[in-house]
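>>> Got a predicted model here, sequence first, then my questions.
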Amino acid sequence: MFPIMVDLTDEKIVVVGGGEVALHKINNLLRFGLHVHVVSPAIHPEIERLASEGFVTVLQKLVEEEDYHDAFLVMTVTDSKAVNDEIARRAKAAGKLVVHAEQPDLGNSTIPASLQRGRLVVSVSTGGASPTLAKQIRNQLEEQYDESYEDYLDFLYEVRQVIKKVEPDRAVRRHLLKIAADPIFYKDIERREAFLHEIRPFAHVTTP
Ligand SMILES: C[C@@]1(CC(=O)O)C2=NC(=C\c3[nH]c(c(CCC(=O)O)c3CC(=O)O)Cc3[nH]c(c(CC(=O)O)c3CCC(=O)O)/C=C3\N/C(=C\2)[C@@H](CCC(=O)O)[C@]3(C)CC(=O)O)/[C@H]1CCC(=O)O
Ligand SMILES: NC(=O)c1ccc[n+]([C@@H]2O[C@H](COP(=O)([O-])OP(=O)(O)OC[C@H]3O[C@@H](n4cnc5c(N)ncnc54)[C@H](O)[C@@H]3O)[C@@H](O)[C@H]2O)c1
């Protein structure tokens with residue numbers, strides 16, 4: 001399995017099935033600010049609530065191909081293996097990302113356990129061996145990478161944007177970016193401001 005970050009902001013995501021597992025998968029997608037389409041005759045009350053708040057669009061019916069033909073990502077989480085298999089087969093043939101929540105090798109993607117601190121995302125996959133272990137490792141990492149990383153990553157992002165703008169020389173750019181990643185800037189917030197102050201004056205200089 002190849003790890004990759006995918007921007008799903010403007011993509012259609014369809015979850016087929018509206019039970020407990022669908023709810024879990026939907027909540028995970030919502031954590032990343034995504035909108036989700038759900039197709040299922042039975043809908044978990046919590047999914048109904050999310051729909052009433054506009055986070056989820058529900059089609060309360062048995063799934064048909066037209067419900068996911070324009071989707072980018074399809075998750076099959078019904079309690080019918082035959083239905084899950086059929087959707088996975090068709091959606092994969094149509095070149096879509098497919099998570100088969102019951103038999104992962106019939107899809108082409110799986111969801112890792114993840115933690116998010118602003119721009120920092122850490123995800124853990126066990127290749128289907130043990131989602132529970134993935135969750136345990138994620139929980140351990142959650143303690144190491146606490147909420148303070150959110151601001152720290154914003155600082156690093158800002159530094160990177162400024163340096164990319166002001167420094168035309170690749171070697172110098174790399175050197176400056178390496179300095180920015182010194183752990184001292186994680187620990188000492190005042191130094192962040194000082195560093196930004198040092199590099200910012202050149203930010204208005206544009207290269208022709
Ligand atoms: C990581 C996480 C992400 C998320 O879903 O958000 C995730 N599953 C989570 C939890 C979890 N899932 C299950 C249990 C019960 C214990 C157990 O069965 O082990 C628990 C534990 C719990 O709930 O505490 C049952 C289960 N899961 C799968 C099957 C089918 C099979 O056997 O492969 C069955 C059996 C169904 C049955 O009983 O028939 C399949 C998949 N689950 C995956 C991801 C993908 C592989 C990721 C990897 O290996 O690293 C994969 C392959 C496909 C996919 O769904 O993407 C999330 C935890 C993180 C979090 O909470 O944040
Ligand atoms: N990947 C994971 O993390 C994970 C974890 C646990 C279980 N599972 C698997 O997920 C599946 C669902 O589990 P659950 O507990 O949510 O089941 P559930 O019984 O709570 O929900 C099943 C849902 O599928 C819907 N459904 C059935 N046929 C349908 C059809 N033709 N079209 C659209 N929707 C249809 C039902 O209306 C219902 O909402 C099971 O196969 C289970 O083995 C996966």
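Received it, and whenever you're ready, just let me know what you need. Numbers count the residues shown, from 1 in each chain. Ligands and ions are numbered 1, 2, ... in the order given.

>>> near ligand 2, which residues of the chain show up?
For the chain, the residues in contact with ligand 2 under the definition CB under 6 Å from any ligand atom are 16-22, 39-42, 62-63, 77-80, 83, 101-102, 131. To be clear about C-beta, it is placed using only N, CA and C from the backbone, and glycine gets the same treatment.

>>> Could you list the contact residues of this protein toward ligand 1?
24-25, 28, 99, 101-102, 104, 110-113, 125-132, 134-135.

>>> residues contacting Thr57?
Remark: with contacts taken as CB atoms under 8 Å, 6 or more residues apart in numbering, Thr57 is in contact with His35, Val36, His37, Val38, Ala51.

>>> how far away is the closest residue to ligand 2 within the chain from ligand 1?
When you check the chain against ligand 2 by CB to the nearest ligand atom, the closest residue turns out to be Gly19, at 2.1 Å. According to CB to the nearest ligand atom, to the nearest Å, Gly19 and ligand 1 sit 12 Å apart.

>>> what about that residue, how many residues close to it?
15 (other CB atoms under 10 Å).

>>> do the one 10 residues further on as well
Residue neighbour count, defined by other CB under 10 Å, stands at 19 for Leu29.

>>> How about it: what's its closest non-neighbour residue?
Distance criterion CB to CB, 6 or more residues apart in numbering; nearest residue to Leu29, sequence neighbours excluded, is Val36 at 5.2 Å.

>>> For the one you found, give me phi and psi.
Per-residue torsions, Val36: phi -130, psi 140 (degrees, to the nearest 10).

>>> tally of neighbours for it?
25.

>>> Which strand residues bridge it?
When bridges are taken as DSSP bridges, the partners of Val36 come out as Val56.

>>> Pull the contacting residues for it.
Each residue near Val36 by CB under 8 Å, 6+ apart is listed here: Ile13, Val14, Val15, Ile26, Leu29, Leu30, Phe55, Val56, Thr57.

>>> which residue is nearest the middle of this protein?
Phe32 (5.7 Å; CA atoms, centre = their mean).

>>> Quick check: Lys92 touching Val99?
No - if you go by CB atoms under 8 Å, Lys92 and Val99 don't touch, sitting 10.9 Å apart.

>>> Identify the contacts common to the two.
Applying CB under 8 Å, 6+ apart, one finds that Lys92 and Val99 are jointly contacted by Gly107.

>>> Would you map the strands across the chain?
Listed in chain order, the strands of the chain (DSSP state E) span 13-16, 36-39, 56-59, 73-76, 97-100, 113-117, 120-124.

>>> most packed of those?
Here the criterion is mean neighbour count by mean count of other CB atoms under 10 Å, and of the strands of the chain the winner is strand 73-76, at a mean of 27.

>>> just checking, Ile111 touches Val99?
Yes - taking contact to mean CB under 8 Å, the distance of 6.2 Å between Ile111 and Val99 places them in contact.

>>> what touches both of those two?
By the contact definition CB under 8 Å, 6+ apart, Ile111 and Val99 are jointly contacted by Lys25.

>>> Now Glu167. Nearest residue, chain neighbours left out?
Of all residues not flanking Glu167 in the chain, Arg173 sits nearest, at 4.6 Å (CB to CB, 6+ apart).
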